[in-house]
Each structure stands twice: as structure tokens, then as C-alpha cells.
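K.L.:
turn this into a structure:
(one chain, ligands or ions: 1)
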Amino acid sequence: MDRTSWLAERRAAVEREYTLEGSSYDEGYDPSTVVHRDFVSELIDLVPHGDTILDVACGTAPYAGMILDRGRGYVGADQSRGMLDRARAKRPGARFELVGLQELPFDGGFAGVMCTDAMENVPPEDWPRVVEAFRRALGSAGHAYLTVEQIDRAEIEGAFASGTHRGWPIVPGEVIEGDTAGYHFYPDRTQVLGWLTGAGFAIVREEDEPLDGYGYHHLLLRTADA
Ligand SMILES: C[S@@+](CC[C@H](N)C(=O)[O-])C[C@H]1O[C@@H](n2cnc3c(N)ncnc32)[C@H](O)[C@@H]1O
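P.N.:
The predicted structure is shown next:
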């Protein structure tokens, strides 16, 4: 199978899985750590009162309350209808758009963009256009917060060896969850910084958060004119 069709299948599997999980996703599960909440809070501080934050791959919108309670506007976007149905039920007044990270259409209008716990679903060839779409949503001046998931290097190498053995058009850094479903890509910091600076972002603050068997690299960013 060629890589384009294989990636399209992986993406469809991720969409299906989250749509199935949407209605029960929040049950007994809080995705935010103290570090996530600190970074969201810092992003809110950097966005003027009354301006709007775009939350992409928003899932069930766990941070919408924090943002709205502090007098900023909120728009959520996600590719999975099931996650958005749950988000809309929780925040009936907020605007949500059914759209993927790879197709974000926003051209200015936002002072902040955030993407938590979702960039691992973006393959390497899509990173440049996704981060460029974040910057376009901000216009020339704004701030962004995103997380990059991290796992053990040996796990990544094992997934590449096993995927290659199966004849998949897999590249280093990709991990397919389960047998054939799902999709994660774990870029290293140098790759991420290259894509971010290529889109015109500079780092305001970054922090590594090791958790149990995985972790997050948190990045707070600004555009050149911010
Ligand atoms: C682990 S959840 C995180 C949701 C939310 N940002 C949070 O912090 O709880 C991952 C979300 O990313 C969404 N997602 C995955 N790939 C996506 C893509 N290519 N475009 C848009 N959303 C995507 C999924 O539908 C899901 O809602």
C-alpha cells in the first residue's frame, strides 16, 4: 500500500475511535495535568480580555471553562463528530467546528491558538501545514500553546522495526496502536523546532513533563510581531 492511502486509513481509524469514545470520554478521566493547566493559564494571560482562543483538536473541550470564565472567547475545532457532540452538550453557548488539523480554514481573528494532547496524531509530512495554519489563525501577532507527546525511544524503534517487517510504509517515529488501528508520530525536539520556526513561531517557554511510561513536552509560542 502506498503511504498516502495508508496514512488516510490511519487517520480514519483515529477519527472513528474518538467518535465512538466521545459520549463516555470524560467519565472518570481528566486529561489535564497541573502543567497543562499552568500553560493554558499563561496563554490566557497573554490574550487580551475579550479576544478569542482557538482550541484545535479540542476533544470534549476540557479547557473551555477556564477560558470563558476568564473573559476570553472560545472556539473549539475537532475532526471527530463524537467528541464535538460531547463538547457541545457541555458548552451549549460555545462555537465548535467539525474540521481537521490538516484543513484548518481560519485566517486571523484569534489572539491565541492551543492544541493539547493531539499533535501526536499528525504525520511528519503534515506538521508544516498544520503549524502554518495555527500561525495564519493568529494573523501576525498572537500566542500558541501545544504539547508534543513523548515515549521511550526503544518503544518507537520497536514499532518501526515491526511495522517495516509487516510491509507498512512506516517512517521512524511512527507508532501504530493495537494491531492496525490508530496512529501516533513522535518527532524529536529538533524536528519540532524546525517546523515551528519555519512557520514563524518563537518559543516563549517550554517544559518537559515526564509521566508514567510517557510524557509531554509543553511549548508556549509567540509569532514574530507578538
Ligand atoms: C487525546 S484527545 C485530546 C482532546 C483535547 N485537546 C484534550 O486536551 O483533552 C485527541 C483529540 O484530537 C482529535 N484529533 C486527532 N487527530 C485529529 C486531526 N487530524 N484533526 C483534528 N482533530 C484530531 C481527536 O478527535 C481527539 O478529540
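K.L.:
quick check: bridge partners of H143?
P.N.:
Note on H143: beta-bridge partners by DSSP bridges are G112, R222.
K.L.:
now it: how far from E103?
P.N.:
Distance of H143 to E103, computed by CB to CB, to the nearest Å: 23 Å. Where C-beta positions appear, they are placed from N, C-alpha and C, glycine not excepted.
K.L.:
which one's more surrounded, these two?
P.N.:
Neighbours of H143 and E103, each counted by other CB atoms under 10 Å, are more numerous for H143; the result is 24 against 11.
K.L.:
which part of this protein gets nearest to the ligand, residue-wise?
P.N.:
G59 (2.5 Å; CB to the nearest ligand atom).
K.L.:
quick one: contacts for the residue lying closest to that residue once chain neighbours are set aside?
P.N.:
Closest residue to G59 apart from its sequence neighbours, by CB to CB, 6 or more residues apart in numbering: M83 at 4.8 Å. Applying CB atoms under 8 Å, 6 or more residues apart in numbering, we find M83 in contact with Y18, T19, E21, G22, Y25, C58, G59, T60.
K.L.:
if I read this right, the first one contacts A57, doesn't it?
P.N.:
No - the pair formed by Y18 and A57 falls short of the contact definition of CB atoms under 8 Å, at 9.3 Å.
K.L.:
joint contacts of these two?
P.N.:
With CB under 8 Å, 6+ apart as the test, Y18 and A57 both reach D78.
K.L.:
which bits of the chain sit near the ligand?
P.N.:
11, 14, 18, 31, 57-59, 62, 78-80, 83, 100-102, 116-118, 121 (CB under 6 Å from any ligand atom).
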